[in-house]
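**Student:** Okay, predicted coordinates and the sequence, questions at the end:
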2 protein chains.
Amino acid sequence: MNSGISIKELAAALNLAPSTVSRALNDSYEISEATKQKVINMAEKLNYQPNPFARSLRANKSRTIAVVIPERINNFFAKVIDGIEEIAQEHGYHLLVYNTHEDVKKEKKILSLLQNGRADAIVMSVTSQTSDTSHLQKIHERGLPLVFFDRICGEIPTTKFITNDYESALKGTNHLIQQGCKKIAFLTLSKDLSITKERYRGYSDALKMANLTPEPTFSLYCKHSDEDNTELILKLLQSENRPDGIISSVEKLAISTYQAVRKTNLKIPYDLKIITFSNMSIAGILNPSLTTITQPAETIGQECAKLLIKKLTRPRQPDFLDQIIVIPSQIQIRESTMAR
Amino acid sequence: MNSGISIKELAAALNLAPSTVSRALNDSYEISEATKQKVINMAEKLNYQPNPFARSLRANKSRTIAVVIPERINNFFAKVIDGIEEIAQEHGYHLLVYNTHEDVKKEKKILSLLQNGRADAIVMSVTSQTSDTSHLQKIHERGLPLVFFDRICGEIPTTKFITNDYESALKGTNHLIQQGCKKIAFLTLSKDLSITKERYRGYSDALKMANLTPEPTFSLYCKHSDEDNTELILKLLQSENRPDGIISSVEKLAISTYQAVRKTNLKIPYDLKIITFSNMSIAGILNPSLTTITQPAETIGQECAKLLIKKLTRPRQPDFLDQIIVIPSQIQIRESTMAR
DNA sequence: CCAAAATACGAAAACGTTTGCGTAGTTTGA
DNA sequence: TCAAACTACGCAAACGTTTTCGTATTTTGG
C-alpha cells in the first residue's frame, strides 16, 4: 500500500539514529548544519514522507479540522468552506467535511464520531432540526475546540460567527415597506434556528416601526422538500389575504417562491416583491433579477479558521470567548423589489 | 485535549489485559460471551473511543478517502461529493475534501501531500490546466488507489467514471439543429480537458451529419473569470457572423451567456437557442427556462465510492481496470431551445 | 482415565514518530 | 591546567492499537 520509507530506514541509509534524523528534519538546534544538510538531501532523494498517524499518535494532534454543514448544494456553505480551506491550507491543516443533510440524527452520529480526536477542532452550522443540544454540549465539555457559524447554538459558551441577521432583516423589510409593501410575509426553515429568530426579530421590528402588524399566517416555516415548500408558498399566494411582499431567510425558499409564482398570474415585482438572504451568483440573471442580502460567506469561513488555527498552533491559548462576532451582509437591490 | 480513556485504562477497570479487551470489542471468537458483554458494557459506561491514529498506524489504513475537485461552488461537484459521502459513511469512511480552484499548482501540492498515506484512496476531477500528469502518475505508481470522474486523465490506467459526453453533446447539438439552428457555437473551458474533447467530438459529428461545418471561431475556450467569459461571449454574439445556437460544456458558461445576452437585443430562444451541461436545480425558473443535459452526479459519486470501498474493505482485490464507465445524462428540454 | 483438543485469556512486539535523558568528545573559562 | 560547560548525537520509552504466540484450564474422545 503506502510503501513509503520510514524514518528508521532513512536513518539506516545515513548511518544515523532515527532520533537524530527526526531532529534534523525538525531543524533542532542540537544537530549540526552539516548533518542537517545530509539528512535533508537523503530525505529528498528517497522521497521520505513522515507518517501522519505516527505523528498524530505521538503528538495527540491531527492537523485536521472537521467542518459540519447541513447542506452541500448551497452557495453559502460552499463559500464558507472555501474560506476555511484557504486559511487551513496556509497552516498545513486538512479538512474533513460532513454533510448532515438537515438531519439531526446524522448530526449526532457525526459529532459522536468526532469525539475520538480524529479532528483537532470543529466548525459547524447546525441542522434546522437541532433543538436538543446535548450532543454539542458533550463535544464542548470534552474540550474539543468548537465554533459555530451562521446557524449557531446559543447554549454552548464558545465563539460564534454570524452576519448581522437582525439588522439585515430589518433593513430588508424596511426596503420592502419603502417600495410600497403592506402585507409582508416571512419565509424560513425552522423556528429553532438561531438565524430564524434573529431575522424574524428584524422583520417583526421593521413592521412594528411602520405600524404594520405581523400576521401569524404570514410566517411560513418550511421543513420539507423543495416541492412541498413550493406548494406551501403557492397556497399562501393564492390565499384570500395574500402577501404583497416576501422576505426569505434562505436562498432556496426564494427559489421556491419563484417556482410558485410561475403557477399563478402574479407578477414580480408588481404584485409581489421579494428579497432574500442569498449567495447566488445568478441572482442577477433571474427574471426578474432577485434582490438579495448577500452574506460574507468567505470571510466568515476565514475568520472561523483563523480563530481555530490560532488556538491550535500557539501554546497555552485560552478557551474561546463566549461571544458572537458579526460580519455584516450587503443588500443588493434588483428588480424583484422595484416599486411599481 | 482529547481526554478520552485508552484501551489500557479500560482493561484496568475490568481487570483484563488490553489484548482481551481489544478482541472483545472486535468480537473475536477467542473471547467468551460473558467477557464480551462485560467489556462492551464497561466501554459504554466509560465512553471509550478507540484512537483512530493508533489504529491507522497499526493497520496502515486511515478509513479516509480524499476527494479532489476543481471547484466547490458548483452543483455538479457538490452532488458528486454527496454521493461519495453517502456510500463512504455507510462503511465508516471519512472524507477529506480539497478544492484546487482550477489551479494545477494547487493540484500538485495537494496530491503531494496525499502521498503520505493520510487517505486510503483518491477520487478526483482534474483541473482545466492539467496537461502534464506526472503528479498523478506518481500517485498511481505509488499504489494509492485512484479513480477519476468527469474530468478524467486518460494516461493513468485506472477506472474512470463519466457521463456519455460524446453522445449527449451529439444529441444536444442535434436538438439545436432540429430546432432550426444553423450556426452553432461550442463553449468550454480548456482544450486539455477530457470532457472538452469528447463533447466537442459529439458537437462536431452532429454538425457534420447535418452537413454543417464547424467554424473555428465558434469554439470558445474560456479560462478566466466569469466577467471575462461574459465579455468573450458577448463579443461572439455581437460579431458579424454570430451563432444562432449554443451548446455549453459547463454550467457557468451558460450563465455567462445569459449575462451576455442581457447586454444585447437578442432574445432567447428566438435569436439564440442554448443548451448546456448542468446540474442546476433552478434551470427551470430562469427566464427563459434553460434546456439542460443533466449529468447523473450523485450516481457518479456513489459508483466511485462503491468501487473504492470494495477495493479497500475486501482482501486481495485486484487493481482497478483501465476502463471508462459511462453513466448516461438526461436531456431536459425547456424554453431556451424552443423553435420559433 | 488420560492424552488430545478446545477454550479463554495474557505477555509482548510492532506500527512510525518524537523527546527526555545520557554521554562521548570538544570547547570554554578562571 | 583542569573542572565546567557545551556540542552533537544515540538509546529507549511512549503514544494506543492489534496480533502473534504462548499457556493454564477445561472439555472431549476412545
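**Tutor:** Arrived safely.
**Student:** what about the helix or strand hosting A:Arg23, near chain B?
**Tutor:** Assessed by DSSP states H and E, A:Arg23 sits inside helix A:18-25. No - contact of helix A:18-25 with chain B (CB under 8 Å from any CB of the partner chain) is absent, the minimum separation being 13.4 Å. The way it works is simple: take the backbone N, C-alpha and C, and place the C-beta from them, glycine included.
**Student:** Spell out which residues of chain A are next to DNA strand D.
**Tutor:** With CB under 7 Å from any atom of the strand as the criterion, chain A meets DNA strand D at residues A:15-20, A:23, A:30-32, A:34-35, A:54, A:57-58, A:60.
**Student:** Nearest to chain B: which residue in chain A?
**Tutor:** A:Asn287 (3.0 Å; CB to the nearest CB).
**Student:** Quick check: A:Tyr258 touching B:Ile285?
**Tutor:** Yes - using CB atoms under 8 Å, A:Tyr258 is in contact with B:Ile285, at 4.5 Å.
**Student:** Among those two, which residue is more densely surrounded?
**Tutor:** Comparing A:Tyr258 with B:Ile285 by other CB atoms under 10 Å in any protein chain shown, the one with more neighbours is A:Tyr258, at 24 against 18.
**Student:** Now the host helix or strand of the more buried one: buried residues?
**Tutor:** Here A:Tyr258 sits within helix A:251-262, counting by DSSP H and E. Of the residues in helix A:251-262, A:Glu251, A:Lys252, A:Leu253, A:Ala254, A:Ile255, A:Ser256, A:Thr257, A:Tyr258, A:Gln259, A:Ala260, A:Val261 count as buried by neighbour count, 16 or more other CB atoms under 10 Å in any protein chain shown.
**Student:** Hmm, the fourth one is touching A:Ser278, no?
**Tutor:** Think A:Ala254. Yes - using CB under 8 Å, A:Ala254 makes contact with A:Ser278 at a distance of 6.2 Å.
**Student:** Give the residues shared as contacts by these two.
**Tutor:** A:Ser248, A:Leu290 (CB atoms under 8 Å, 6 or more residues apart in numbering or on different chains).
**Student:** Up against chain B, what does the stretch 51-200 of chain A have?
**Tutor:** Proximity of the stretch 51-200 of chain A to chain B, by CB under 8 Å from any CB, involves residues A:51-54, A:56-57, A:60-62, A:64, A:72-75, A:78-79, A:81-82, A:85, A:94-99, A:113, A:115-118, A:120, A:142-144.
**Student:** Quick check: which of those residues are also close to DNA strand C?
**Tutor:** Contacts with DNA strand C are made by A:Asn51, A:Ala54, A:Leu57 out of these, judged by CB under 7 Å from any atom of the strand.
**Student:** which ones among these are found in helices?
**Tutor:** Among these, the members found in helices (DSSP state H) are A:Ala54, A:Leu57.
**Student:** Can I get the ones next to DNA strand C among the residues of the stretch 51-200 of chain A next to chain B in CSV including pLDDT, neighbour count and distance to A:Gln129?
**Tutor:** Putting those into CSV (pLDDT from 0 to 100; neighbours: other CB atoms under 10 Å in any protein chain shown; distance: CB to CB, whole Å) gives the following:
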residue, pLDDT, neighbour count, distance to A:Gln129
A:Asn51, 97, 19, 40
A:Ala54, 97, 15, 39
A:Leu57, 96, 20, 36
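**Student:** Rebuild the ones next to DNA strand C among the residues of the stretch 51-200 of chain A next to chain B as a markdown table, extending it with distance to B:Phe186.
**Tutor:** A markdown table is the format used below for those (distance: CB to CB, whole Å):
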| residue | distance to B:Phe186 |
| --- | --- |
| A:Asn51 | 47 |
| A:Ala54 | 51 |
| A:Leu57 | 53 |
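**Student:** From the ones next to DNA strand C among the residues of the stretch 51-200 of chain A next to chain B, pick the one nearest B:Leu321.
**Tutor:** A:Asn51 (30.0 Å; CB to CB).
**Student:** so that closest one makes contact with B:Ser62?
**Tutor:** No - contact criterion CB under 8 Å: A:Asn51 and B:Ser62 do not qualify, at 10.5 Å.
**Student:** hey, what's in contact with both of those two?
**Tutor:** What both A:Asn51 and B:Ser62 touch, as defined by CB under 8 Å, 6+ apart, is the set B:Gly117.
**Student:** can you map out the helices along the stretch 1-150 of chain A?
**Tutor:** A:7-14, A:18-25, A:33-45, A:52-59, A:75-90, A:104-113, A:134-141 (DSSP state H, counting those that start in this stretch).
**Student:** Show me what the fifth one is packed against.
**Tutor:** It stands for helix A:75-90. strand A:64-69, strand A:94-99, helix A:297-313, strand B:94-99 (3 or more CB pairs under 8 Å, 6 or more residues apart in numbering or on different chains; DSSP states H and E).
**Student:** what domains does the record give for chain A?
**Tutor:** Listed by automatic domain parsing, the domain ranges of chain A are A:7-50, A:59-163+A:297-326, A:165-294.
**Student:** now those in TSV, with mean pLDDT?
**Tutor:** TSV is the format used below for these (pLDDT from 0 to 100):
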stretch	mean pLDDT
domain A:7-50	96
domain A:59-163+A:297-326	96
domain A:165-294	94
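**Student:** Reformat those domains into TSV and put distance to B:Lys310 next to each item.
**Tutor:** Converted to TSV, the domains of chain A look like this (distance: least, CB to CB, whole Å):
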stretch	distance to B:Lys310
domain A:7-50	27
domain A:59-163+A:297-326	22
domain A:165-294	32
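**Student:** Which one of those domains lies nearest to B:Pro157?
**Tutor:** Between B:Pro157 and these, the tightest spacing by CB to CB is seen for domain A:7-50, at 21.7 Å.
**Student:** picking up where we left off before, looking at the helices and strands packed on helix A:75-90, which is closest to B:Ala210?
**Tutor:** strand B:94-99 (39.6 Å).
**Student:** picking up where we left off before, OK, contacts around the residue of chain A closest to chain B?
**Tutor:** B:Leu286, B:Asn287.
**Student:** Up against DNA strand C, what does the stretch 51-200 of chain A have?
**Tutor:** Checking the stretch 51-200 of chain A against DNA strand C by CB under 7 Å from any atom of the strand, the hits are A:Asn51, A:Ala54, A:Arg55, A:Leu57, A:Arg58, A:Ala59.
**Student:** Setting aside sequence neighbours, what's the nearest residue to the second one?
**Tutor:** What it means is A:Ala54. B:Leu57 (5.4 Å; CB to CB, 6 or more residues apart in numbering or on different chains).
**Student:** For A:Lys310, the count of nearby residues, please.
**Tutor:** Residues near A:Lys310, counting by other CB under 10 Å: 12.
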